[in-house]
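A.B. asks: need a structure here:
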Amino acid sequence: MEFTIDFHWQLSHGNRKKAIDPVLIALLKSIEESGSLQAAAKQAQISYRYAWGLMEKWQTELSLPLIEKHRGRGTALAPAGQYFLRAHQQLQARLMPQLSNQATQLRQQLQQLQAAQQNLRLTLFASHGLVVNALRDRLNELAIPIDLHFHGSLENLEALKTGNCDGAGFHIPIGPLGQQLTPDYLALLDPNKIQLIYLVRRQQGLIVQAGNPKSIRTLSDLARADVHFINRQQGSATRFLLDQLLRQQAINSQQIQGYSHEEFTHMAIAAIVASGVADCGFGLAAVARKFSLDFLPLVEEHYCLALPADRLQEAPFQELIRILQLPEWQRSLADLAGYDLRLSGQPVSYSDIFQSSS
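C.D. replies: Okay, the predicted model is just below:
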C-alpha cells in the first residue's frame, strides 16, 4: 500500500470557482516535450477530441492561449502555457518532499489497522454512474475498503456468477425495451442465491448543447448531416442501451456522424458536448446538469445491486445497505437531475424489476 499526495489548481472569478483538471497540466508538459497535442493526448490516455476540448475550455476561462499551432512544426506552448507549467513544476519541487513524508507517515499508521479491516473489503463490479461513485466515497469515508470496477451490466453479472466479485451493479430499461433484454439478465441471475437491492431509478437520454442550437428532438435527428455525435465505448451498458434504441427505431448507426468516436464515461461525453466539439451525446440527466447542458429524456431505468443472499449478514454488506437507506444519504443526492432514490437500499423482488420492465 502506497499513498501519494498532490495539489490542484483552482481558478476563481468572484464567487465562481473552478478546479483545473490535472489532465491539463499533463497535456502542457507532454506538448512541451513532444511538440504535438495528439501525442500528448495519447500519453494521457484520452482522445484527441477530449484533449482539444479541454484546452479550448481553459483558454476561454483564462482569456489567453495556452498553446500555439505552427504549420509544419507541430504545437508549442504559448507564453501563458509556459508560465502555468513552470509554476506547477516549481511548486512540485518545493512541496513534494514534505508531501511524500506525510504520505509515508499515513501509510504506516493505516497499515496498523489494515489487518483488522481486511475482512470488510468489498469488490464491486458496476456500471458507471454518479450514485455508484458517491457510494464508493461514502464507504471509504467509513474505512470500509471497496474495490470498484466499471463494466457493462451483463459483464458485471457474469463476474458475480463466476465468483470474480462480491456484488454486481446493473441497470435495465423500464418498458418494452426492458422486456426484450430480460432473458439476457435472468440467464445470469439465480433468484435462490442472489438478492436484488435497489439503488436508484434514473433517466438516460440525449445530452445536447445549452439552448439546443441544432434543435435536436429525437434519436432520428442523430442521422442528420449537420449533427455531430459523441458515443460511449463499445461494451458499456449505456452503449448497449443506445444501440438497442437505434435498432428499435430502425436507425442506421452508420448514418450518424461521430458514432465511431468513443469516450469512456458519462462525464467525458458531457465535457465533449460542452466544449462544442460534438453537438450531442447519450447519457445521464444528472451529468448534463453538471455541465449546464440541455437534456432530452428517452428512457428510465432501474439500477440495482445484485448481492449474494447467503452473505447479506456480513458486516460490509450490512453497512452498504444501511448507508443506502439513510435519509441523509438520499438527501445528499437529491439535487442530481433524473435520479429517484426513494427505494434506495430496499430489497426488491425479481418481479419488481423484470416484470416492471415489461
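A.B. asks: alpha carbons only for contacts and neighbour counts from here, please
C.D. replies: Will do.
A.B. asks: so Val200, which of the three states?
C.D. replies: strand (DSSP: H, G, I helix; E, B strand; the rest coil).
A.B. asks: show me which residues of stretch 124-144 are buried.
C.D. replies: Burial within stretch 124-144, assessed by neighbour count using 16 or more other CA atoms under 10 Å, is assigned to Leu124, Phe125, Ala126, Ser127, His128, Gly129, Val131, Val132, Leu135, Arg136, Leu139, Ile144.
A.B. asks: can you redo the residues you listed as a markdown table with distance to Ser36?
C.D. replies: Output for those, formatted as a markdown table (distance: CA to CA, whole Å):
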| residue | distance to Ser36 |
| --- | --- |
| Leu124 | 38 |
| Phe125 | 36 |
| Ala126 | 36 |
| Ser127 | 34 |
| His128 | 31 |
| Gly129 | 33 |
| Val131 | 37 |
| Val132 | 36 |
| Leu135 | 39 |
| Arg136 | 37 |
| Leu139 | 41 |
| Ile144 | 43 |
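A.B. asks: quick one: which of the residues you listed sit in strands?
C.D. replies: Leu124, Phe125, Ala126 (DSSP state E).
A.B. asks: nearest to Pro183, of those?
C.D. replies: Of all those, Pro183 sits closest to Ala126, with 19.5 Å by CA to CA.
A.B. asks: once you drop chain neighbours, what's closest to that closest one?
C.D. replies: Gly169 (4.1 Å; CA to CA, 6 or more residues apart in numbering).
A.B. asks: that neighbour falls within a strand, correct?
C.D. replies: Yes: looking at Gly169 with three-state DSSP, it is inside a strand.
A.B. asks: wait, Ala80 sits on Leu62?
C.D. replies: No: using CA atoms under 8 Å, Ala80 makes no contact with Leu62, being 9.0 Å away.
A.B. asks: which one of the two is surrounded by more residues?
C.D. replies: Ala80 (16 against 11; other CA atoms under 10 Å).
A.B. asks: contacts only, for the residue nearest to that one when sequence neighbours are not counted.
C.D. replies: Computed as CA to CA, 6+ apart, the closest residue to Ala80 that is not its neighbour in sequence is Leu66, at 5.4 Å. Residues near Leu66 by CA atoms under 8 Å, 6 or more residues apart in numbering: Met55, Gln59, Leu77, Ala78, Pro79, Ala80, Gly81, Gln82.
A.B. asks: mind running it again at 6 Å?
C.D. replies: Ala78, Ala80, Gly81 (CA atoms under 6 Å, 6 or more residues apart in numbering).
A.B. asks: export those residues to a markdown table and tack on distance to Gln45?
C.D. replies: Shown next, in a markdown table, are the contacts of Leu66 (distance: CA to CA, whole Å):
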| residue | distance to Gln45 |
| --- | --- |
| Ala78 | 23 |
| Ala80 | 24 |
| Gly81 | 21 |
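A.B. asks: how much space separates the closest residue to Ile323 other than its chain neighbours from Arg202?
C.D. replies: Spatial nearest neighbour of Ile323, excluding adjacent residues (CA to CA, 6+ apart): Trp329 at 6.7 Å. Going from Trp329 to Arg202 by CA to CA, to the nearest Å gives 17 Å.
A.B. asks: can you check Gln346 too?
C.D. replies: Taken as CA to CA, the span from Gln346 to Arg202 is 16 Å.
A.B. asks: that older thread, what's the closest of the buried residues of stretch 124-144 to Thr162?
C.D. replies: Nearest to Thr162 among those, with distances taken as CA to CA, is Phe125, at 12.3 Å.
A.B. asks: got the confidence number for that closest one?
C.D. replies: Phe125 is assigned a predicted lDDT (pLDDT) of 93.
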